[in-house]
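[1] Okay, predicted coordinates and the sequence, questions at the end:
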Amino acid sequence: MTSEADRPATDPNEVPSPAGGGHGLAPGEAHGEVADLVGRLTEREGMDTAERRRLLGRLTLALRRTARQTRSSGWRRGRWLAELFVSIAPRIPIRDLSTLQEHHYGLTGDRLADDLIRTAAKATTAVGAVGGALAAAEFAAPPLLLSAPAQIVAETLVVAAIEVKLIAELHEVYGVPVPGTTVQRAMACTTAWARQRGADPLTPGSMTAALGTAAKTALRRRLMRTLGRHLTTLGPFLTGAVAGGALNRAATLRLGRAVQEELRARAQGSPDIPR
């Protein structure tokens with residue numbers, strides 16, 4: 001998870017190699033292109049539809065290659081998907097408070113948080129709409145249907161990355177940034193996303209460079225729930241686009257508001273937090 005402040009100093013050796021026997025994945029090899037594309041899809045606000053569609057298409061192809069290279073048994077078990085997300089999470093671009101204010105017209109406190117939540121919801125809505133439209137097109141062409149699962153995995157990864165980014169940046173807004181190295185912050189925010197809450201540095205084992213068994217299980221379940229939600233995009237015409245966009249928007253808003261309330265409560269009484 002890179003930030004504007006520490007991006008140049010990020011040590012590539014910090015990126016953890018997921019455990020898992022035959023499912024082990026090598027950072028910088030199979031995952032490099034996937035991480036780059038997910039980062040590009042989450043970094044820029046206001047990306048136009050054509051660019052988002054192009055990058056999602058490239059991500060889908062990269063995921064199919066990655067699955068073949070790592071001899072993944074498929075998406076269904078969730079283990080491969082969770083390991084993949086863990087490997088790319090440290091590369092999610094996170095902005096510090098000054099950069100967030102610069103990008104959001106000088107807003108602070110609750111107003112900045114509200115704007116971040118709305119922007120993230122728009123982004124996941126757009127991903128769901130584009131992904132749903134692509135899946136709908138493939139549904140109409142049976143020979144291409146086998147590529148649809150990879151497209152849904154791509155959508156799932158991007159939505160998860162946008163929401164992890166939102167959680168990390170809400171911590172910046174409320175003056176409770178997640179401490180630690182790039183990888184420790186990434187793992188803390190990934191665990192927070194899996195549990196649909198703010199990151200808690202005081203929780204035992206939360207500030208580590210590798211997820212524990214419980215955190216891995218929570219992440220796998222959350223990713224599979226998100227993937228299952230995106231399976232609704234497998235419908236004819238544009239029904240998938242409408243459903244995918246609406247469901248993503250509702251989920252992102254619900255997560256953003258919950259984390260905002262939690263962090264606001266933590267920041268209560270601090271004179272440095274504008275309201």
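    Here it is on my side, so go on.
[2] Could you check how far the regular element (helix or strand) spanning Arg264 is from the centre of its chain?
    Element membership for Arg264 (DSSP states H and E) is helix 239-267. On the basis of Cα atoms, centre = their mean, to the nearest Å, helix 239-267 is displaced by 13 Å from the centre of the chain it belongs to.
[3] For that helix, give the mean pLDDT please.
    In this model, helix 239-267 has a mean pLDDT of 87.
[4] for that helix, packing partners?
    helix 109-139, helix 148-173, helix 213-230 (3 or more Cβ pairs under 8 Å, 6 or more residues apart in numbering; DSSP states H and E). All C-beta atoms are positioned from the backbone trio N, CA, C, and that covers glycine.
[5] Next, the angle helix 148-173 makes with the first one.
    Right, helix 109-139. 180 degrees (axes from the mean of the first three to the mean of the last three Cα atoms, to 10 degrees).
[6] same deal with the shortest one?
    Using the same axes, to 10 degrees, the inter-axis angle of helix 213-230 relative to helix 148-173 is 120 degrees.
[7] okay, helix 213-230 in CSV with CA atoms only?
    The C-alpha atoms that make up helix 213-230 are tabulated as CSV, following Å, rounded to 0.1, in the frame of the first residue of the first chain:
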residue,chain,number,x,y,z
THR,A,213,-5.1,-17.6,10.0
ALA,A,214,-8.3,-15.8,11.2
ALA,A,215,-7.5,-12.7,9.1
LYS,A,216,-6.9,-14.9,6.0
THR,A,217,-10.2,-16.7,6.5
ALA,A,218,-12.1,-13.4,6.9
LEU,A,219,-10.5,-12.0,3.8
ARG,A,220,-11.3,-15.1,1.8
ARG,A,221,-14.9,-15.0,2.9
ARG,A,222,-15.3,-11.3,2.2
LEU,A,223,-13.7,-11.6,-1.3
MET,A,224,-16.0,-14.6,-2.1
ARG,A,225,-19.1,-12.6,-0.9
THR,A,226,-18.0,-9.8,-3.2
LEU,A,227,-17.4,-12.1,-6.1
GLY,A,228,-20.8,-13.7,-5.5
ARG,A,229,-22.4,-10.3,-5.6
HIS,A,230,-20.8,-9.8,-9.0
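[8] In that helix, which of the residues would be classed as buried?
    Going by neighbour count (16 or more other Cβ atoms under 10 Å), the buried part of helix 213-230 is 215-216, 218-220, 222-224, 226-227, 229-230.
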